[in-house]
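Trainee: With the sequence up front, the predicted model follows.
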Amino acid sequence: VKLTGVASAPSPSISTVGTLTSVSTTYGSASTNSVGFTLSGANLAEGITVAPPAGFEVSAGNTNGFAGQGTSIIVGSAGTVSNTTVFVRLAAGAAVGTYSGNVVCSSAGANSATVAVPSSSVQQAPLSITASDVVKPYGQTLVLGAGQTGFTSIGLVGSETIGSVTLTADGGTEADSAPGAYILTPSAATGGSFSAGNYNISYKAGTLTVDPPPIPSFNDWATQKGLSGNNALPAADPDNDGIANLLEYYMGLEPLTSDRNPVSVSWTAGNPSSLSMTYRRGKNTIGVTGGVSWISSLNTNNWSTSGITETTLDMTDHFNVTATITNAPSEAAKFMRLRVEQQQP
């Protein structure tokens, strides 16, 4: 009896050895603690395709050739695939969150093998956003709120961008806001190509500086006060209060409103006695100089500032200046005057 038959071909097979452990990283960086398992195959018609779960990437044989998030690799070719270590890690581009799943190893005609990846995490990356400093001229209005692009950032991953932030200030935005420094606070970064959920954002304040209004010259001041023609001359006195325009400007007074006693003189008895003159000096004047001097006789013109002491009191919108000269009993009489001069350009 003759027996005949056909020998069956060995079945293709895929084998994995090893258990993966969890990994972790910060957004924008691949996990440095990559883990691995051993992969082999026999009687294969083609190489073994290794597909990572979402958020992970794989590399065969070394830790330098990772293919990218979610990208499959092929290990070996038809026939036998000898023991090869497959490394698994969280990819740099994985968004913040928790990831797990299976690495699936497959080849045509063979039963697929899976290797479980335990729950692994991507934490938020630090991101600092600082409001840019702003300088606003007095008299202008500054509109803040959402949609502002006056900021800088440190910590964005790759080429990601921020579209805008919301800016608020603790003052200084109105046209009549007092000159000075105000806190400019950013918040609510949005837009661009970044995702706020991937970052632990810290916001840092900037400074809004309101510049003081420009100081008008005497001529500009006269125009602003509505003076014209002869009434705008330095020596004119349109309100007939005995104070010329130039003095009104220097003292911070109103040229069309009668002012009384902007200068006072007092005498203090003693040995020596003293003579004092107190006068008003404006805070916003340019191109004029003023000061007190004294003389022993009105029959001469030898006015002097020698020996005069001054004290200045800030009255918020102007200064009160007191000039004092002493006079011993043996000295001749003393007279004082306040002289204001307009500087020539």
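Mentor: Sure, I can see it.
Trainee: give the contact list for the residue nearest to the spatial centre of the chain.
Mentor: For the chain, residue 131 is the residue whose C-alpha lies nearest the centre (CA atoms, centre = their mean; 2.4 Å). By CB atoms under 8 Å, 6 or more residues apart in numbering, residue 131 lies in contact with 150-151, 165, 167, 184-186, 203-206. No exception for glycine: its C-beta is placed from N, CA and C like everyone else's.
Trainee: Among those residues, which one lies nearest to residue 196?
Mentor: Nearest to residue 196 out of those is residue 165 (CB to CB; 10.8 Å).
Trainee: Verify the stated contact: that closest one with residue 189.
Mentor: Yes: the criterion here is CB atoms under 8 Å, and residue 165 meets it with residue 189 at 4.9 Å.
Trainee: thinking again about what came up before, residue 146 versus the residue nearest to the centre of the chain, what's the distance?
Mentor: Taking CB to CB, to the nearest Å as the measure, residue 131 falls 14 Å from residue 146.
Trainee: just residue 167 next, same as before
Mentor: Going from residue 167 to residue 146 by CB to CB gives 9 Å.
Trainee: which one of those two has more residues nearby?
Mentor: residue 167 (27 against 13; other CB atoms under 10 Å).
Trainee: Surely that one is in contact with residue 185?
Mentor: Yes: the pair residue 167 / residue 185 is scored as a contact, 7.0 Å apart, by CB under 8 Å.
Trainee: And the contacts of residue 131, which is closest to residue 259?
Mentor: When those are compared against residue 259 (criterion: CB to CB), the nearest one is residue 184, at 40.9 Å.
Trainee: Test my guess that the closest one contacts residue 133.
Mentor: Yes: using CB under 8 Å, residue 184 is in contact with residue 133, at 7.4 Å.
Trainee: so what sits against both of these two?
Mentor: With CB under 8 Å, 6+ apart as the test, residue 184 and residue 133 both reach 206-208.
Trainee: could you show me where the helices are in this structure, in order?
Mentor: Using DSSP state H, the helices of the chain run over residues 218-224, 245-251.
Trainee: Remind me what the last one packs against, helices and strands.
Mentor: It refers to helix 245-251. Judged by 3 or more CB pairs under 8 Å, 6 or more residues apart in numbering; DSSP states H and E, helix 245-251 is in contact with helix 218-224, strand 273-282, strand 288-295, strand 335-342.
Trainee: quick one: low-confidence ranges for the stretch 1-150 of the chain?
Mentor: Low-confidence segments of the stretch 1-150 of the chain, defined by pLDDT under 70: 1-8.
Trainee: neighbour count winner among residue 184 and residue 133?
Mentor: residue 184 (26 against 13).
Trainee: Quick check: pLDDT value at that one.
Mentor: On the pLDDT scale, residue 184 is placed at 98.
Trainee: What sits closest to the residue nearest to the centre of the chain if chain neighbours are left out?
Mentor: Among residues not flanking residue 131 along the chain, residue 206 sits closest, at 3.3 Å (CB to CB, 6 or more residues apart in numbering).
Trainee: do the same with residue 290
Mentor: residue 340 (4.0 Å).
Trainee: Burial check on that neighbour, number of neighbours?
Mentor: Neighbour count of residue 340, defined by other CB under 10 Å: 18.
Trainee: pretty sure it is touching residue 245, no?
Mentor: No: using CB under 8 Å, residue 340 is not in contact with residue 245; the gap is 10.6 Å.
Trainee: Strands of the stretch 151-300 of the chain, start to end?
Mentor: With DSSP state E, counting those that start in this stretch, the ranges of strands along the stretch 151-300 of the chain come out as 151-154, 164-169, 180-190, 199-204, 206-211, 263-268, 273-282, 288-295.
Trainee: before we move on, the earlier item: who's more crowded, residue 165 and residue 189?
Mentor: Shown here are residue 165 and residue 189; by other CB under 10 Å, residue 165 has more neighbours (24 against 20).
Trainee: who's that one bridged to?
Mentor: Beta-bridge partners recorded for residue 165 (DSSP bridges): residue 148.
Trainee: Tell me the pLDDT of it.
Mentor: The model's pLDDT for residue 165 equals 98.
Trainee: Spit out the contact partners of it.
Mentor: 129, 131, 148-149, 151, 186-190, 203.
Trainee: For PyMOL, write the selection for the buried entries among the residues you listed.
Mentor: In PyMOL, this line selects whichever of these come out buried by 16 or more other CB atoms under 10 Å:
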select buried, resi 129+131+148+151+186+189+203
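Trainee: thought the residue nearest to residue 131 was touching residue 172?
Mentor: No: Residue 206 is beyond contact range of residue 172, at 11.9 Å (criterion: CB under 8 Å).
Trainee: that older thread, out of the shared contacts of residue 184 and residue 133, which is most surrounded?
Mentor: Counting neighbours by other CB under 10 Å, residue 208 leads the shared contacts of residue 184 and residue 133 with 25 neighbours.
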